[in-house]
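J.: Below: sequence and its predicted model.
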Amino acid sequence: MLELRPNCECCDRDLPPESTDARICTYECTFCSDCAENVLGGSCPNCAGELLQRPRRPAAMLAKDPASTERVLKPGGCQR
């Protein structure tokens with residue numbers, strides 16, 4: 001199951017589980033749509049994988065399987 005990480009690894013923007021602005025790679029590295037498109041060019045800086053819109057978990061399932069609260073942040077942000 002996806003962790004649904006709470007923030008963008010580049011700019012630390014909040015990305016709640018219902019956000020349509022979250023982008024993830026196959027390893028679940030998480031970025032906001034602005035950083036994914038305008039800074040990273042659609043590819044993950046950690047694995048070079050494709051960044052796609054993160055699926056949203058239905059509210060009823062969030063109660064059973066909550067999103068992660070652990071924030072991941074790249075020191076110095078994301079530079080290419």
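T.: That came in fine, so what should we check first? Everything numeric in this text was worked out from a predicted model, so none of it was measured.
J.: and Leu52, what are its phi and psi?
T.: Leu52 adopts backbone torsions of phi -130, psi 160, taken as degrees, to the nearest 10.
J.: and it, what is it in contact with?
T.: Neighbouring residues of Leu52 by CB atoms under 8 Å, 6 or more residues apart in numbering: 23-25. For glycine as for every other residue, the C-beta is placed from the backbone atoms N, C-alpha and C.
J.: hmm, try it at 10 Å
T.: The contact partners of Leu52, by CB atoms under 10 Å, 6 or more residues apart in numbering, come to 22-26, 36, 42.
J.: what would the residues you listed look like in a markdown table with pLDDT?
T.: Formatted as a markdown table, the contacts of Leu52 follow (pLDDT from 0 to 100):
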| residue | pLDDT |
| --- | --- |
| Ala22 | 98 |
| Arg23 | 98 |
| Ile24 | 98 |
| Cys25 | 98 |
| Thr26 | 96 |
| Ala36 | 97 |
| Gly42 | 97 |
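J.: Write the PyMOL selection for whichever of these are buried.
T.: Typed into PyMOL, the line below selects the buried ones among the contacts of Leu52, using 16 or more other CB atoms under 10 Å:
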select buried, resi 22+23+24+25+36
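J.: out of the contacts of Leu52, who's nearest Ala48?
T.: The closest of the contacts of Leu52 to Ala48 turns out to be Cys25 (CB to CB; 8.6 Å).
J.: Look up how far Leu62 lies from the closest one.
T.: Per CB to CB, to the nearest Å, Cys25 is found 22 Å from Leu62.
J.: Let me see the backbone angles for Asn7.
T.: Per degrees, to the nearest 10, the backbone of Asn7 is at phi -150, psi 160.
J.: actually Ala59, not the one I typed
T.: Main-chain torsions, Ala59, degrees, to the nearest 10: phi -50, psi -40.
J.: okay, it: pLDDT?
T.: Listed pLDDT for Ala59 reads 92.
J.: what do you get for the one 5 residues further on?
T.: On the pLDDT scale, Lys64 is placed at 95.
J.: Name all residues that make contact with it.
T.: Shown in contact with Lys64 (CB under 10 Å, 6+ apart): 57-58.
J.: quick one on the thing from earlier: quick one: the contacts of Leu52 as a markdown table, columns for distance to Ala67 and secondary structure too.
T.: Output for these, formatted as a markdown table (distance: CB to CB, whole Å; DSSP: H, G, I helix; E, B strand; the rest coil):
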| residue | distance to Ala67 | secondary structure |
| --- | --- | --- |
| Ala22 | 10 | strand |
| Arg23 | 16 | strand |
| Ile24 | 12 | strand |
| Cys25 | 17 | coil |
| Thr26 | 19 | coil |
| Ala36 | 19 | helix |
| Gly42 | 24 | coil |
